[in-house]
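S.K.: Starting from these lines, generate the structure:
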Amino acid sequence: MKIDTGRFTFGVLTMSDKGSRGEREDTSGPYLLKTLNDLGYQQKAYAVIPDKAKGITETLISWVDEQKVDLILTTGGTGVAPTDVTPEAMADVIEKEIPGMAEAMRAESLKKTPHAVLSRGIAGIRGNSLIINLPGSEKAARENIAVLLPSLAHALDKIKGGTSDCGVG
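M.R.: Take a look at the predicted model:
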């Protein structure tokens, strides 16, 4: 059974101090927007904000609790630099972690670069929303989302109470 992606909304949240000040162009965010739009998902939100835990937490909570965004992809802030705080902010927001998604992204990335072991991104659920942390570079975001695209619609369907069998399709 093919799940209609058009029934799901999504948002992309880019964490970049320079990007939020207009000093660097966000390329990973627009790539993710185009990819999901092309697959039929309905864009509901997009923002570029500084790498600050409070702003990340507030935005994610607003997008989930108030705007009811079904899928949120974050990009940036998942590495080991002192300013990389996205996973910590995420941990304060989500109610259930989905470790398999992050493990799959790192495993696939490790085939391309030994630096994949430095990625600290996580994935999880808050309410009826799925939130996934992706790396900030367009190349890494592109490679990481490709790993998850085949399971996104099914995951969103299940999070919203769908009863389809995970072993089918």
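
S.K.: Going along the chain, name the helices of this protein.
M.R.: Secondary structure of the chain (DSSP state H): helices at 17-20, 28-38, 53-61, 86-93, 99-110, 138-159.

S.K.: show me what contacts Ala123?
M.R.: Glu97, Ile98, Pro99, Met101, Ala102, Leu130, Ile131, Ile132, Asn133 (CB atoms under 8 Å, 6 or more residues apart in numbering). Using the backbone N, CA and C atoms, a C-beta is placed for each residue, glycine as well.

S.K.: From Lys54, how far out is the residue nearest the centre of the chain?
M.R.: Most central in the chain under CA atoms, centre = their mean is Leu73, positioned 2.3 Å from the mean C-alpha point. Leu73 is 20 Å from Lys54, where distance means CB to CB, to the nearest Å.

S.K.: Name the nearest residue to Thr75, ignoring sequence neighbours.
M.R.: With CB to CB, 6 or more residues apart in numbering as the criterion, Thr75 has its nearest non-adjacent residue at 4.3 Å, and that residue is Ser28.

S.K.: my read: the one you found touches Leu134, true?
M.R.: Yes: with contacts counted by CB atoms under 8 Å, Ser28 reaches Leu134, the gap being 7.2 Å.

S.K.: Look at those two and report which has more neighbours.
M.R.: Between Ser28 and Leu134, counting by other CB atoms under 10 Å, Leu134 is the more crowded of the two (29 against 26).

S.K.: Read off the pLDDT value for the residue nearest to Thr75.
M.R.: We note a pLDDT of 97 for Ser28 in this prediction.

S.K.: try Lys2
M.R.: pLDDT, read off for Lys2, is 87.

S.K.: Give the burial count for it, as a bare number.
M.R.: The burial count for Lys2: 6, using other CB under 10 Å.
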